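# got a predicted structure plus its sequence, pasted below:
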Amino acid sequence: MLTRDQAADIFSRIRKYATADEVECLFYGGHSALTRFANNTIHQNVAEENYGVSVRTVFGGRTARATTNKFDDDSLKNVVGASESLAKVQEPDADLLPVPDPGEAGQDAIAGRGLAAHAGEGARATPAHSAQSLPSRHFDETARLTPAQRADAVGKIVSIAQKQKLTAAGIFSSSESVEGIFNSRGLSAWHTQTSAEISITMLAADSSGWQKANSPNVANLNAEALAQIAAEKAVKSAGPREIAPGKYTVILEPAAVLDTVGFAFFDFGGLAILDQRSFLNNRIGTKLFGQNISIWDDVSHPLQSGSPFDGEGVARQRVHLVEGGVVKQLVYARATAEKMKKSEYAGKVGPIGPTGHGFPIPNEMGEAPMNIVFESVRDPKTIEQMIAGTERGILVTRLWYIREVDPYEKILTGMTRDGTFLIENGKVVCGLRNFRFNQSLIDMLSNVEEMSPPVRTSGEESFDMVVPAMKVKDFNFTEVTKF
Amino acid sequence: MKDLASSALDTATQQGASYADVRVIDERSRALATKNGKIGNASDARSQGFNVRVLVNGAWGFASSADMGPKAIEATAGRAVEIAKASAKVKQSDVQLVPEKPATADWTTPHQIDPFTISIEQNLALLQKIDADLRSVRGVTLAETNLNFRREEQWFYSSEGADIHQTKYTTGAGYVAYAFAGSEIQKRSYPNSFGGQWQNKGYELIDELKLVENARRIGEEAVALHSADQCPQGVFDIILESSQLGLQIHESVGHPIELDRVLGMEANFAGTSFLTLDKLRTLKYGSDLVNVVADARQEHGPGLGTFAFDDEGVPAQCTPIISSGLFTGYLSSRETAALIGLQRSGGTLRAENWNRLPIIRMTNISILPGEKPLTLEQLIASTDHGILFQTNRSWSIDDKRYNFQFGTEIGWEIKNGKRIRMLKNPSYSGITTEFWNSMDAICSRDEWTLWGTPNCGKGQPQQVMGTGHGASPARFRKVKVGSAYKGT
């Protein structure tokens, strides 16, 4: 693994070769492996090791980035040259800020002495009201996982499939990664992390079931338990019935929630408002969702993962995005915060200040919250309790191929998949043919009747989050497919 | 590179591999983008690495590394063998490969201008000019432009004796105008969405696209959409202009014909396919006018799916996929061809980069133009009442590739052979085979464009691939329109 000291050495060589006013280097990479299976066979099995450095140079407000995965002297000279050539030919950008120094970036917070304050209290980080240090996200057992160990776990999954005359498909992956940043004003930050993931699809003749989980710690994953649930879904949804599309009460399992709400969060950045491409334009401070919807961005949450700093090395702050259905705050990169303060929106968007959510510069998106945590409601229900309390509805395991139909009303379309069930009189009665939905996310989050406790969830259409299952009324299914 | 490969192949075979191949890749890319007059992205990237793919005990292993030193080469080959041995613990049968004569070749994408020889100043001046023209239209609230270039040099060697060197160039360019007003965000893209038009070609593509000439019109259309009528809901005859038809092909033909998907190998991620093996040469996929090919050959055009050899050394080929409406072919590899009794691979195994396993990907999946002369204007003139859909905005399909829904940026209602009004938020939906069987007209060669989709995602770990789709505008009868807004 690339170490912090090795990265520091590479940075010092890059600085030697650079003629720019400022230099910033992002380091990334690691080793990863993935065992993939289908038809009860491991059919693909891969491993990779790669590290890269991304060099940004600045000449009087002009900046550009060049990247290489080679660290010999010639390659570093070339990457510095490429960055500087690109940077020098541009027009100066008046909004470009100098790279941050350690104090401005809140490096004390990154060092674990407490997270930064709520957004809006200025660029400098101050200790949080409830100081939390980032839980360790590196686990040796995960880093050392071998192909044979992954194969053994897959063997157990396949055994469960074969016992129930099903076909198993899925993946078991593991990785160890690094992420770091150094700049010419003395900032340096480093983060190492492991990750493991298991995803299983169980297929029967005319039905299927699915489960997925990931964690920085492989010990948190139970392959056999996931396989049993997926198998049960496949068996119970066999011989699916077709019912007419329309508006239904649905119980969305956490992955289905994640994959839909994920389409909201790239609109929660300051630059999205300034660009007028956010569904939150003219809506911040208004009650957009139901009273029971409260959402945070919180990298330090024990069920979250990822590094504690952003693309400029600024400490990620805990931000209360939505409270009681009201969109309260946005996230900001440093430059976006400055621009917002001077804009026509300044008094209308809640607190403004760097929150440590910026993407590496230059970029077109600005910033976005990437560590979403839904707040638990006062009286959470389990999925079983939600089912028991539903007279007629549909239980949805996951939603798939979700795309945005309308960017301002946030109408999304997609399909149900891998375990869709009819609920009648408090019981799951049969499997159903899959539906297409066309649903406004704003309406969906205004129609949530019940929620489970939030759990760490992984899907396919969005990044991992801590989200609950949701019982939603009037969910709009517009068509039925043939299976 | 040959020494690197020899070392890896020797290590692999000495440790028990019955087959091994090595790919070494040196990739360079440049991305430039502006946003409302400022630089949104200015980056240059270089990535080099290699991978080793082996068959041991009848199962696959694959390992890759950016470290190309002698010790790393041996270690990576050894890792691939270790992984294959682990794979062999969970298998139902041994992997077989159909034969392929190992080739020795050297090929480069035909191009006139190496895009990396064009100065950054010239690139940025073009983008700034387009940006200025877009924002000169009152009501345009956000203007985005982009230029992208890629050069991939690949060396492929196999334990069977293949020795293939290919250099591919890719060029892409486009722009988007957004107009936000009231409670709507409307947009117009040119020449296409997904970052514009992309081909395996040099910088000469940029002049062909007439980017500056169309900027103002695109800005005006984005604004005009706000005062356009909402697309009606109902059943209509529809015309898809060629870029939208290209994406229709991608989703409802290109993906379901991937043989690995048909055989269940993608079940956990993108799903399976309704094109079960019994449907080959029996299913009426489309009307008699529907002729689709998978053609990676240079003579098909400079598509993103054009190459000389695929990533397991199989030469580029043309496979008929739909012939006068009958389903006639899959996209195959050496392994999947063997599974269904084909004599030869169709040559569609491709990988995004050195750190990804090659898997079956679309090449250029194109609908052949109509044989009788027919322009878009003539097609419109022959339509009593219908809707013309232009430039994709949203796309979605189920995991067997039956039920789809598409939205486009703009539509036009046609009545008595004339465009009578602009429509906003147009969408249409259907079932794949019913839709293709409703095609009753397709324009001829003069209206045919080989579009590039640069961002097709597939596989685990996921990888992105460029695919080509040639299409002329075509008409489809009695299609469900407007369902995206039904009930919302």
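Yep, it's here. Residues are numbered from 1 along each chain as shown, chains lettered A, B, ... in the order given.

# could you look up the SS state of residue B:11?
Using DSSP: H, G, I helix; E, B strand; the rest coil, the structure places residue B:11 in helix.

# element containing the closest residue to it other than its chain neighbours, please.
In space, residue B:11 comes closest to residue B:77 once its chain neighbours are excluded; the distance is 3.8 Å by CB to CB, 6 or more residues apart in numbering or on different chains. (Each C-beta comes from the backbone N, C-alpha and C, glycine too.) Assigned by DSSP states H and E, residue B:77 belongs to helix B:70-87.

# what distance separates that helix from the centre of its chain?
Centre-to-centre, helix B:70-87 and its host chain are 32 Å apart (CA atoms, centre = their mean, to the nearest Å).

# chain A contacts on the stretch 201-350 of chain B?
Proximity of the stretch 201-350 of chain B to chain A (CB under 8 Å from any CB of the partner chain) is limited to residues B:263-269, B:271-272, B:274.

# make it 7 Å
B:264-265, B:267-268 (CB under 7 Å from any CB of the partner chain).

# now intersect those residues with the helices, please.
The members of those all map outside helices under DSSP state H.

# reformat those residues as CSV; add distance to residue A:200.
As requested, those are exported to CSV (distance: CB to CB, whole Å):
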residue, distance to residue A:200
B:264, 14
B:265, 15
B:267, 10
B:268, 7
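
# which one is residue 390 nearest to, not counting chain neighbours?
Looking at chain A here, since you left the chain open. Going by CB to CB, 6+ apart, residue A:390 has residue A:423 as its nearest residue, at 4.8 Å.

# chain B is the one I meant
Once flanking residues are discounted, residue B:390 sits nearest to residue B:241: 4.7 Å by CB to CB, 6+ apart.

# list the contacts of the one you found.
B:376, B:388-390, B:473 (CB atoms under 7 Å, 6 or more residues apart in numbering or on different chains).

# tell me the one of those nearest chain A?
Distances from chain A to the contacts of residue B:241, taken as CB to the nearest CB, are shortest for residue B:389 (14.0 Å).

# for that closest one, grab the count of nearby residues.
30 (other CB atoms under 10 Å in any protein chain shown).

# list the contacts for it?
Counting by CB under 7 Å, 6+ apart, residue B:389 has contacts B:238, B:240-241, B:244, B:408, B:411, B:426, B:428.

# shouldn't residue A:375 be in contact with residue A:293?
No - shown here, residue A:375 and residue A:293 do not form a contact pair, counting by CB atoms under 7 Å, at 8.4 Å.

# what pairs with the residue nearest to residue A:390 across the strands?
Beta-bridge pairing for residue A:423 (DSSP bridges): residue A:393, residue A:428.

# now it: how far from residue A:460?
24 Å (CB to CB, to the nearest Å).

# now do the helices in chain B.
Under DSSP H, chain B gives helices at B:2-14, B:70-87, B:120-135, B:204-208, B:211-224, B:242-249, B:259-262, B:334-339, B:376-381, B:432-436.

# who does the fifth one touch, helix- and strand-wise?
Taking 3 or more CB pairs under 7 Å, 6 or more residues apart in numbering or on different chains; DSSP states H and E as the contact definition, the neighbouring helices and strands of helix B:211-224 are helix B:120-135, strand B:163-181, strand B:184-190.

# which stretch among these comes nearest residue A:158?
Among the helices and strands packed on helix B:211-224, strand B:163-181 comes nearest to residue A:158, with 36.4 Å by CB to CB.

# buried residues of the closest one, list them for me.
B:163-166, B:168-180 (16 or more other CB atoms under 10 Å in any protein chain shown).

# tell me the mean pLDDT over stretch A:91-100?
Mean per-residue pLDDT for stretch A:91-100: 94.

# now the terminal residues of it, how far apart.
22 Å (CA to CA, to the nearest Å).

# for that stretch, give me every contacting residue.
By CB under 7 Å, 6+ apart, stretch A:91-100 touches A:22, A:24, A:60-63, A:183-185, A:187, A:312-314, A:334-335, A:338-339, B:38-39.

# again, 8 Å this time
A:22, A:24, A:58, A:60-63, A:183-185, A:187, A:312-314, A:334-335, A:338-339, A:361, B:38-39 (CB atoms under 8 Å, 6 or more residues apart in numbering or on different chains).

# next step: these restricted to helices.
Per DSSP H, these map to helices at A:334-335, A:338-339.

# out of the residues you listed, who's the most crowded?
For the ones in helices among the contacts of stretch A:91-100, neighbours tallied by other CB under 10 Å; top is residue A:334, 24 neighbours.

# what comes up buried for stretch A:150-165?
Using 16+ other CB under 10 Å as the test for burial, stretch A:150-165 gives A:150-151, A:153-154, A:157-158, A:160-161.

# what's near enough to touch the residue of the stretch 251-400 of chain B at minimum distance from chain A?
Nearest residue of the stretch 251-400 of chain B to chain A, counting by CB to the nearest CB: residue B:267, 3.8 Å away. Applying CB under 8 Å, 6+ apart to residue B:267 gives the contacts A:38, A:167, A:169, A:201, A:203, A:208.
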